[in-house]
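The sequence and its predicted three-dimensional model are supplied below.
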Amino acid sequence: ETGVTQTPRHLVMGMTNKKSLKCEQHLGHNAMYWYKQSAKKPLELMFVYNFKEQTENNSVPSRFSPECPNSSHLFLHLHTLQPEDSALYLCASSPSGGRDGYTFGSGTRLTVV
Amino acid sequence: QKEVEQNSGPLSVPEGAIASLNCTYSDRGSQSFFWYRQYSGKSPELIMSIYSNGDKEDGRFTAQLNKASQYVSLLIRDSQPSDSATYLCAAAPNTDKLIFGTGTRLQVFP
């Protein structure tokens, strides 16, 4: 357990479904991140939150909707996804930004059918 | 464009040898550097951080930083098959996020 917990670990959803990914950190960190990692591809930054405020949206399609109700919780709401959205979705947190490094969660393996 | 460059590999080394992984970065303002290990299908795990020029050792791992050359490396001594993974280099410019390289796949064969 790294201190960053992601649920569910695996998710299979149809293209018309709505689902949410959850991330919770118990480290007292103030920054949280969503990354996408497709098979054999590098990490793609999706969203950055600092002190609950979104500070970066890396041109992510609107079918991905993040929510950060407080500094410890981060959600990624999914709707009308495409098969190419199948990937490992990683949440990370850091004390106050990239300078301190990240702690990653275990990830959610998403399959869109 | 702030970039971190790594050779994708695979880098193949025999068990017991030294594995040398290299990384260059483009933003001279970067202050912090990290090496993550990622096993297939798993999330990245932080193994080393380095902030000053020179070497930093932790067990079988040594990170080396040369800010003048904008170069970071990771040496793994006495490589084991369990070290076989993808190693991600990351740099922190003066922003709120890390910039990751594409990773180098290391294979340690018995």
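Cool, the structure landed.

Flag every residue of chain B that's near chain A.
Residues of chain B lying near chain A by C-beta under 8 Å from any C-beta of the partner chain: B:31-32, B:34, B:36, B:41-46, B:49, B:88, B:90, B:92-103. C-beta here means a position set from N, CA and C on the backbone, and glycine is covered the same way.

Test for you: state the pLDDT assigned to the residue nearest to residue A:70 when sequence neighbours are not counted.
Counting by C-beta to C-beta, 6 or more residues apart in numbering or on different chains, residue A:52 is the residue found nearest to residue A:70 once chain neighbours are left out, at 6.0 Å. With respect to pLDDT, residue A:52 scores 87.

For residue A:52, grab the count of nearby residues.
Residue A:52 is surrounded by 15 other residues when neighbours are defined as other C-beta atoms under 10 Å in any protein chain shown.

One more: residue A:95?
Residue A:95 has 14 neighbours, counted by other C-beta under 10 Å.

Residue A:31 is in contact with that one, correct?
Yes: in this structure residue A:95 lies within contact range of residue A:31 using C-beta atoms under 8 Å: 7.4 Å.

buried sites along stretch A:38-45?
Neighbour-count burial for stretch A:38-45, counted by 16 or more other C-beta atoms under 10 Å in any protein chain shown, picks out A:42, A:43, A:45.

For that stretch, report the contacting residues that lie outside it.
Stretch A:38-45 is touched from outside by A:33-37, A:56, A:58, A:86-88, A:90, B:44, B:88, B:97, B:100-103, with contacts defined as C-beta atoms under 8 Å, 6 or more residues apart in numbering or on different chains.

hmm, which helix or strand of chain B has the shakiest average pLDDT?
Ranking every helix and strand in chain B by mean pLDDT, DSSP states H and E puts strand B:99-100 at the bottom, with a mean of 92.
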